[in-house]
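1. Let me see the structure of the following:
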Amino acid sequence: MTYLLIIFVIALALAPLSHFVPSKRQREVARLREYAAVHGLFVEFRGLPGQAPGRPRESAGNQTIYYGRRLPASRQKSASSQAWLREGEAWRAMERSTGIPAALQELPPQVLAASADEHSCGAYWRESGGVEVVEQIRQALEAWSGQLRG
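-> Predicted structure coming up:
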């Protein structure tokens, strides 16, 4: 009986520490972000382009994440930021005068939107997929950044 009481007290003392053990989803997201960082991308929390700034924040499990590729500095002033939204299989420009870059067709279906400005180009998604999806995003962004500065 004494041993059971000791085991119960130890378990009770260690129970709060279980909150600090990452879940399977948290470990997967960390792996995706590490892969992206090691392969030249940066990761930021951003809302989808065209989203109202006063809109309530998304839940933690459903956040839109921006995986971007930095562009080399340029002396010429580039146009303001441009954005495209995915609607099914097709892309739609946020501004009517903007064409659809060919590199967007290479992005995986998990990508919700893409944008480019004078500092970076990137993809918005909810990290639903594995490392192979991040690799597809990386390849598409690499090609796109070459087109933007080429």
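2. my guess is Leu41 contacts Glu135, does it?
-> No - applying C-beta atoms under 8 Å, one finds Leu41 not in contact with Glu135, separated by 10.4 Å. The C-beta positions use only the backbone N, C-alpha and C, and glycine is treated the same way.
3. higher neighbour count, the two?
-> A count of neighbours by other C-beta atoms under 10 Å puts Leu41 above the other of Leu41 and Glu135, at 22 against 14.
4. Can you pull out the low-pLDDT segments for this structure?
-> 52-62, 75-79, 150 (pLDDT under 70).
5. Would you mind measuring from the residue of it positioned farthest from its centre to Phe20?
-> The C-alpha centroid of the chain is most remote from Met1, which lies 53.0 Å away (C-alpha atoms, centre = their mean). According to C-beta to C-beta, to the nearest Å, Met1 stands 32 Å off from Phe20.
6. Mind giving me the packing neighbours of the top helix by length along the chain?
-> Counting by DSSP state H, the longest helix found in the chain is helix 131-149. Helix 131-149 sits against helix 24-38, strand 65-70, strand 120-125, with contacts defined as 3 or more C-beta pairs under 8 Å, 6 or more residues apart in numbering; DSSP states H and E.
7. Skip ahead from the longest one and say which helix or strand is next.
-> Once the chain leaves helix 24-38, the next helix or strand it forms, by DSSP states H and E, is strand 42-45.
8. Thanks a lot, catch you later.
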